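S.K.: Based on what follows, work out the 3D shape:
(chains A and B)
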Amino acid sequence: MSTFPQDLLYTAEHEWVSDGDPATIGITDTATEALGDIVYLELPAVGDQLRAGDVCGEIESTKSVSELFAPVNGEVVAVNAAVVDDPALVNSDPYGEGWLIKVAVDSPADLLSPAEYRALATRD
Amino acid sequence: MTDHAATDAPELHTPLHQEHLALGATMTSFAGWQMPLRYTSDLEEHRATRTTAGLFDLTHMGEIDVVGPEAAAALDYALVGAMSKVTIGRARYTMLCQADGGVIDDLVVYRPAEDHFMVVANASNCAVVVEELRARARGFEVTIVDASLTTALLAVQGPAAEAIVTAVVDDPAEAEAVRALPYYAAVPASVAGVRASVARTGYTGEDGFELFIATDDAVTVWHALRAAGESHGLVPAGLSSRDSLRLEAGMALYGQELDRTTTPYDAGLGRVVALDKDVDFVGKAPLRARAGSEPARVLVGLEGLTRRAARTGYRVLMGGGGAGVGTVTSGAPSPTLGHPIAMAYVTPEVSGPGTLLAVDVRGRAEQVRVVPLPFYRRP
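M.R.: Numbering: from 1, shown residues only, chains lettered A, B, ... in the order given. Sure, this is the predicted structure:
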């Protein structure tokens, strides 16, 4: 049963972005449901410059691998070491402990509201 | 004039479809069937099968009855194994090959009676296997009946399988017969009030049973197994964990380790070819030649030394990321072993256990080591 926290913004690639600076970024439970058990994460490094829409990492599950896309423009200021060690955290708490990176946002990006993301995620 | 593409035939549902939906299964399309991919978590279903037991709906598999006074002779000709040598009540893993020795399907053949064999085929190849058997059976006194759509198949696999399955056998004497079944043997039994063929076979590397029943009885038996399995930790398990379990057990999957360009020998399964059968069989001469010659490539196990898993189709390279030496046929993280595992065809020179190689995993060379199969053996 997917959830759509109201205090976050979203992308069509099933990422969430928190309000504030630095912005915290993760993937939605729509994504984790589709992926199944996540077994490995490749995340950008602190100091990396991200450009919105570019591939910046990989999320590997038992059965498949998905690309992680940068949802915003900015510099990576933190990477969640806990999920790198234990990728299952992303499945168990995608909006909390399962956060992926924090980014100092340079310029606004085109993000989806919770309602827009819900419509997209529940479409199929 | 618009050219309308033929509409795909609607997908088949097993009799347990509603049960899977009620359990919240993620369904997937497989060989024209809607099948449960997973119910909760691939890792949980895999681990449960290795520690307690997993319950699998395998109704998509094909079941073909081969019946008649010359059933054994017909199968000796049609298949590579010596089916006439299979004792009544036993089963044998074998293959149906093309005239050039290439594998059309891998099969388990059961022999419930002198003149009755049941051929279990992969869902994706069932129609082709039926067609080939019928063509090869011409001239033999035998009938080939495709019973796939009226036969359901449930598997209980894991250390607790024997306790669970014997608990659903109605008659104590039949329950004892099931308990005492050796690997690759089967007996008829009344299970939860319905007729079943109970076989000690499986595709996980654990002890386990496969129950062949009429489709009309599938829901009854599913519920009986779940009830009996409750106190033993029986967990419904989907096709995803089925695949990771068989990979750990080093078992071939048709379409990956086996296809029409491979002979049984290429996959290290030459043992299924009964070259000493004194009758002709389809593929005999090329298979005999292949058995006596140096292989161009060898199927090996690869143990991943990093965290990124090799997957089907990835290139295998010399250690350090050098020249290409082969291709991965199957690969995934191993839940039991805690590192990636893969099977791959490589050139004979690099096939020795201990050889350090690499796999191109999406642009980066990940180190791997050749290891003997299987990766996992049950304790």
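S.K.: Quick check: which element contains the residue of the stretch 51-200 of chain B found nearest chain A?
M.R.: For the stretch 51-200 of chain B, the residue closest to chain A is residue B:54, as judged by C-beta to the nearest C-beta, at 14.9 Å. C-beta coordinates here come from the backbone N, C-alpha and C atoms, glycine included. Assigned by DSSP states H and E, residue B:54 belongs to strand B:53-57.
S.K.: Give me the sheet partners of the next helix or strand after that strand and which way each runs.
M.R.: For strand B:53-57, the following helix or strand on the C-terminal side (DSSP H and E) is strand B:62-67. Strand B:62-67 has these partner strands in its sheet, going by DSSP bridges: strand B:116-121 (antiparallel), strand B:143-146 (antiparallel).
S.K.: what is the rounded mean pLDDT of the longest one?
M.R.: Put plainly, it is strand B:116-121. Throughout strand B:116-121, pLDDT has a mean value of 98.
S.K.: May I see the buried residues of it?
M.R.: B:117-121 (16 or more other C-beta atoms under 10 Å in any protein chain shown).
S.K.: same check, this time on stretch A:88-107
M.R.: Neighbour-count burial for stretch A:88-107, counted by 16+ other C-beta under 10 Å, picks out A:89-91, A:94-95, A:98-103, A:105.
S.K.: Show me what that stretch is in contact with.
M.R.: The contact list for stretch A:88-107 (C-beta atoms under 8 Å, 6 or more residues apart in numbering or on different chains) reads A:3, A:5, A:8, A:16, A:21-29, A:31-32, A:37-38, A:41, A:43-44, A:50, A:57, A:59, A:68, A:70, A:72-80, A:82-83, B:41, B:43.
S.K.: In strands, which of those residues fall?
M.R.: A:8, A:16, A:23-27, A:38, A:41, A:50, A:57, A:59, A:68, A:73-79 (DSSP state E).
S.K.: Could you turn the buried ones of the residues you listed into a PyMOL selection?
M.R.: Selection of buried members from these for PyMOL, criterion 16+ other C-beta under 10 Å:
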select buried, chain A and resi 8+16+23+24+25+26+27+38+41+50+57+59+68+73+74+75+76+79
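S.K.: average model confidence for whatever helix or strand residue B:341 lives in?
M.R.: Residue B:341 is part of strand B:340-346 when elements are defined by DSSP H and E. Strand B:340-346 shows a mean pLDDT of 98 in the predicted model.
S.K.: Near chain B, which residues of chain A are found?
M.R.: A:33, A:36-37, A:39-40, A:42, A:58, A:60-63, A:65, A:88, A:91 (C-beta under 8 Å from any C-beta of the partner chain).
S.K.: Would you mind naming the residues that bridge with residue A:8?
M.R.: The partner residues for residue A:8, given DSSP bridges, come to residue A:18.
S.K.: Also residue A:41?
M.R.: Beta-bridge partners, per DSSP bridges, of residue A:41: residue A:59.
S.K.: next one: residue B:106
M.R.: Applying DSSP bridges, one finds that residue B:106 bridges with residue B:95.
S.K.: OK, contacts around residue B:315?
M.R.: Residue B:315 touches B:324, B:326-328, B:359-360, counting by C-beta under 8 Å, 6+ apart.
S.K.: where does the chain have low pLDDT?
M.R.: This is for chain A. Within chain A, the stretches with pLDDT under 70 are A:1, A:124.
S.K.: try again with chain B
M.R.: Checking chain B against pLDDT under 70 turns up B:1-8.
S.K.: how about the helices in it?
M.R.: Secondary structure of chain B (DSSP state H): helices located at B:17-22, B:42-51, B:71-78, B:126-137, B:161-167, B:172-179, B:218-229, B:239-248, B:284-291.
S.K.: and residue B:36, which of those helices is closest to it?
M.R.: With respect to residue B:36, and counting by C-beta to C-beta, the nearest of those is helix B:17-22 at 4.5 Å.
S.K.: Indicate whether the closest one makes contact with chain A.
M.R.: No: against chain A, helix B:17-22 shows no contacts by C-beta under 8 Å from any C-beta, the least distance being 14.3 Å.
S.K.: In that helix, which residues are buried?
M.R.: Under 16+ other C-beta under 10 Å, the buried positions of helix B:17-22 are B:17, B:19-20.
S.K.: Can I get it as PDB, trimmed to CA atoms?
M.R.: Taking Å, rounded to 0.1, in the frame of the first residue of the first chain, the C-alpha atoms of helix B:17-22 are listed here in PDB:
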ATOM      1  CA  HIS B  17      -5.000 -17.100  -8.700                       C
ATOM      2  CA  GLN B  18      -7.400 -15.600  -6.100                       C
ATOM      3  CA  GLU B  19      -5.400 -17.000  -3.300                       C
ATOM      4  CA  HIS B  20      -2.300 -15.300  -4.600                       C
ATOM      5  CA  LEU B  21      -4.100 -12.000  -4.900                       C
ATOM      6  CA  ALA B  22      -5.600 -12.400  -1.400                       C
END
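S.K.: any idea which residue sits dead centre in chain A?
M.R.: residue A:26 (2.6 Å; C-alpha atoms, centre = their mean).
S.K.: State the distance from that one to residue A:14.
M.R.: 10 Å (C-beta to C-beta, to the nearest Å).
S.K.: picking that back up, farthest pair in the residues of chain A next to chain B?
M.R.: Counting by C-beta to C-beta, the most remote pair of the residues of chain A next to chain B is A:33 and A:42, 20.9 Å apart.
S.K.: In contact with the residue nearest the centre of chain B, which residues?
M.R.: Nearest to the geometric centre of chain B sits residue B:203, at 5.3 Å (C-alpha atoms, centre = their mean). Residue B:203 makes contacts with B:155, B:157, B:242, B:245-246, B:249, B:251, as judged by C-beta under 8 Å, 6+ apart.
S.K.: Swap in 6 Å and give it another go.
M.R.: residue B:246 (C-beta atoms under 6 Å, 6 or more residues apart in numbering or on different chains).
S.K.: for the one 5 residues further on, same thing?
M.R.: Residues in contact with residue B:208, defined by C-beta under 6 Å, 6+ apart, are B:156-157, B:161, B:202.
S.K.: Give me the nearest residue to residue B:79, chain neighbours excluded.
M.R.: residue B:94 (5.0 Å; C-beta to C-beta, 6 or more residues apart in numbering or on different chains).
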